[in-house]
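Participant: coordinates for the following, if possible.
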Amino acid sequence: MICSVRPSANRCNVCFAEPPWTKESPPWQMIDDKLPHNDAARLLVAAVEKWIDLQPLLESYSPGGTDALRPDLMLKIVLIEVWWGRQRPSQWFKDTRKDMVLQWAGMGICPSRSSWYNFRDRLGSHIDAWFRQVLQIAHEAGITPARRGALDGSFVSANASRHRLLNEERLEKRRAELDRQCERDAQEVDQEEVPKWMAKTPVTRLEQAERYTRAKSRLDEFQAINARQNPARRRPRNKIVVSTTDPESALGWDKQKVFRPLYNVQLMCDVDSPLTLAYGVFAQNSDGGTFQPMLRLVREEMRLPLAQLFCDATYVTGCNLAICNQQKLTLYGPWQENDYSRTTKEGRQRMIPKEQFTWLPEENRYRCPQGHPLPWIGKEKRVQTDGEINVMHRYRCSPKHCRACALQPQCTKSPARGRAVKRSEHEDLVVAHRARMATEEAKTLYRLRKQTVELGYADLKNNRQLRNFSGRGLARARTETGLNELAHNLIIVERTLRNCENPFAAPENIARDTSYQLDSLFTAG
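Facilitator: Residues are numbered from 1 along each chain as shown. Next up, the predicted model:
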């Protein structure tokens, strides 16, 4: 029997195949009786039916052809699998044929391996909207005020070998050889055995050639970034490499000190609840430049009333403090200080810091501890690691004062030039931030960061087993991360609302106003 649904008035009917079981089927009822009331699978199935609007997903299917399997049933299975730490579609294919809980959730459907891979790619454009719906429901229900968040990043390995990285010379040689082979394939000329690194069929060789072209563009980006580095830190051109398996990935050192292709996963966890407020995946090997996209995601797209944000020193820059000040957001985090910087400071002798110089704003100059003036001599634009431009004003003491000063050995290594200090255009915000972080109240609040976002990564990597992405490319990495965080929030919302004394009625302006009843939607045609 076939069931049909009409996503919109301007489209033909999209037909979905009727699942093997119904809720009246004896196998389904037998499993349902044995499944605990508070089981995670039961919570996820109920949450999908109540809190997620699947209409856009249904409209993404084209009419005609073989009847597709019901996407709501496949989504339930996927969320259960990622919650159990099974991230690969190949694993979903195997589990649906032997796991009774998945058969219960999917009403007995057994999709093919390719169906699972295609379904994962189809989900990518819908996960963000579902994530926002669940957060809005949690906010309206009072589960979270969504006013305090903790932000941090962690590396997850890409689905690419760390032993197959190519520099510019080797990449060009392989591209030339691959192009010649593709030309022979087009002429249908019999060839000898191809090299081990080359794909074995004409179709896969064309795909490999396209991937190598993207690898060349990515390598050019790496070369451009390296060229902008300080000459003392610039690497030789032949040492810049790229992954041909996953060209979009970044290259860097992971937590185990292994140089490999990876992605940077950013999480903003709620301080007042176990919920995740936002997530992001970036193809870069540092946290620099991720603060503003994550803040924009929470404030503009999620529209959450975030008022306090806790993060480490990487995110605390003058430009970010200016953005937070503009948006009335209080940032908590150390200023240019972490475990590595403290060790460095302890291991070397420090000159008299700029903090001991007196700033005279009305005169636009500094005064050194000995009372000598440091007038303004110019300004420069400094490009930070996150790409932001920070204007730095320079002030310098006259050499005649430095050469005769008693503090000269502790103040400057170049008395012939005179001691110089720099002041950022956001220096007032930096001073106010450091003063706030020195208070006991700020120190107490900042301790909440490691109790939230660090636990979020522990859950993601240890419980959900997301240490390596199974898909290749940034889009699939975002999809995998989004599925895990969506399942995480659905479990929390459903479990919390079930334990409430007063059952929550979803607000009319979210979720329920665009959702539908699955039983009435998938009816026999």
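Participant: state the pLDDT value of S161.
Facilitator: Per-residue confidence (pLDDT) for S161: 91.
Participant: hmm, it is touching T245, no?
Facilitator: Yes. Counting by Cβ atoms under 8 Å, S161 touches T245, with 6.0 Å between them. C-betas here are computed from N, CA, C, even on glycine.
Participant: which SS state does the residue lying closest to R97 once chain neighbours are set aside fall under?
Facilitator: Once flanking residues are discounted, R97 sits nearest to C110: 5.5 Å by Cβ to Cβ, 6 or more residues apart in numbering. Classification of C110 using DSSP: H, G, I helix; E, B strand; the rest coil returns coil.
Participant: hmm, back to that, higher neighbour count, S161 and T245?
Facilitator: T245 (17 against 13; other Cβ atoms under 10 Å).
Participant: the more buried one and Q87, how far apart?
Facilitator: Distance, T245 to Q87, using Cβ to Cβ, to the nearest Å: 18 Å.
Participant: what's the answer for Y61, then?
Facilitator: On the measure of Cβ to Cβ, Y61 and Q87 end up 24 Å apart.
Participant: more neighbours: which of those two?
Facilitator: Neighbour count, other Cβ under 10 Å: between Y61 and Q87, Q87 has more, with 22 against 17.
Participant: give me the phi and psi angles of the more buried one.
Facilitator: Q87 adopts backbone torsions of phi -100, psi -10, taken as degrees, to the nearest 10.
Participant: ok, E494 - contacts?
Facilitator: Taking Cβ atoms under 8 Å, 6 or more residues apart in numbering, we find E494 in contact with 43-44, 46-47, 50-51.
Participant: tell me the buried residues in the helix or strand containing it?
Facilitator: If you go by DSSP states H and E, E494 is part of helix 474-499. By neighbour count on 16 or more other Cβ atoms under 10 Å, the buried set for helix 474-499 is 474, 476-494, 496-497.
Participant: equivalent analysis for stretch 175-192, please.
Facilitator: Using 16+ other Cβ under 10 Å as the test for burial, stretch 175-192 gives 175, 178, 181-182.
Participant: what of stretch 239-258?
Facilitator: Buried, per 16+ other Cβ under 10 Å, within stretch 239-258: 240-252, 254.
Participant: now stretch 208-220
Facilitator: For stretch 208-220, by 16+ other Cβ under 10 Å, it's 208-209, 211-212, 215-216, 218-219.
Participant: likewise stretch 389-398?
Facilitator: Residues of stretch 389-398 classed as buried by neighbour count (16+ other Cβ under 10 Å): 390, 393, 395-397.
Participant: which one of the residues you listed is nearest to E140?
Facilitator: N390 (39.9 Å; Cβ to Cβ).
Participant: could you point out which element follows the one helix or strand the closest one maps to?
Facilitator: Here N390 sits within strand 389-396, counting by DSSP H and E. The C-terminal neighbour of strand 389-396 among helices and strands, as given by DSSP H and E, is helix 399-403.
Participant: other residues contacting that following helix?
Facilitator: 368, 370, 372, 408, 411-412, 415-419.
Participant: also stretch 388-397?
Facilitator: Everything outside stretch 388-397 that qualifies as a contact, by Cβ under 8 Å, 6+ apart, is 317-320, 365-366, 368, 372-384, 417-426.
Participant: mind saving the C-alpha coords of it as PDB?
Facilitator: This file holds the C-alpha atoms of stretch 388-397, laid out as PDB (Å, rounded to 0.1, in the frame of the first residue of the first chain):
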ATOM      1  CA  GLU A 388      40.900  41.800  12.300                       C
ATOM      2  CA  ILE A 389      42.800  45.000  11.900                       C
ATOM      3  CA  ASN A 390      43.800  46.700  15.100                       C
ATOM      4  CA  VAL A 391      45.200  50.300  15.000                       C
ATOM      5  CA  MET A 392      48.200  50.600  17.300                       C
ATOM      6  CA  HIS A 393      49.600  54.000  18.500                       C
ATOM      7  CA  ARG A 394      53.300  54.200  19.200                       C
ATOM      8  CA  TYR A 395      55.000  56.300  22.000                       C
ATOM      9  CA  ARG A 396      58.700  56.600  22.500                       C
ATOM     10  CA  CYS A 397      61.000  58.100  25.200                       C
END
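Participant: what's the domain layout of the chain?
Facilitator: The record's domain parsing of the chain by automatic domain parsing lists 2-144+474-524, 148-157+261-340+440-460, 165-244, 341-428.
Participant: how far out from the middle of the chain is the third one?
Facilitator: Right, domain 165-244. 28 Å (Cα atoms, centre = their mean, to the nearest Å).
Participant: what's the end-to-end length of that domain?
Facilitator: End-to-end span of domain 165-244 (Cα to Cα, to the nearest Å): 7 Å.
Participant: if we can go back for a sec, most neighbours, which of the contacts of helix 399-403?
Facilitator: Result: R419 is most packed of the contacts of helix 399-403 (other Cβ under 10 Å), 27 neighbours.
Participant: what pLDDT does the model give the nearest residue to it once chain neighbours are set aside?
Facilitator: Nearest-residue entry for R419: T412, 4.2 Å, with adjacent residues in sequence omitted and distances by Cβ to Cβ, 6+ apart. T412 is assigned 87 on the pLDDT scale.
Participant: same check on the one 3 residues further on?
Facilitator: pLDDT recorded at P415 is 85.
Participant: and R299, how many residues sit next to it?
Facilitator: R299, neighbours per other Cβ under 10 Å, totals 15.
Participant: L178 touches R211, doesn't it?
Facilitator: No. Assessed by Cβ under 8 Å, L178 is found out of contact with R211, at 9.9 Å.
Participant: give me the low-pLDDT residue ranges for the stretch 301-450 of the chain?
Facilitator: Counting by pLDDT under 70, the low-confidence segments of the stretch 301-450 of the chain come to 337-349, 385-387.
Participant: equivalent analysis for the stretch 151-300 of the chain, please.
Facilitator: 190-191.
Participant: show me where it has its strands.
Facilitator: Here the stretch 151-300 of the chain has its strands, by DSSP state E, counting those that start in this stretch, at 165-167, 241-243, 250-253, 259-270, 276-282.
Participant: quickly list what A420 is bridged to.
Facilitator: When bridges are called by DSSP bridges, A420 pairs up with R396.
Participant: so who does it touch?
Facilitator: Going by Cβ under 8 Å, 6+ apart, A420 touches 374, 377, 394-397.
Participant: ok, back up a step: I'd assumed L374 was in contact with the residue nearest to R419.
Facilitator: No. Assessed by Cβ under 8 Å, T412 is found out of contact with L374, at 11.3 Å.
Participant: give me the outermost residue of this protein relative to its centroid.
Facilitator: Distance to the chain centre peaks in the chain at A404, reaching 54.5 Å (criterion: Cα atoms, centre = their mean).
Participant: quick one, phi/psi of it?
Facilitator: Torsion angles, degrees, to the nearest 10, at A404: phi -100, psi 0.
Participant: could you give me the buried positions within stretch 218-238?
Facilitator: Buried residues in stretch 218-238 (16+ other Cβ under 10 Å): 218-219, 222.
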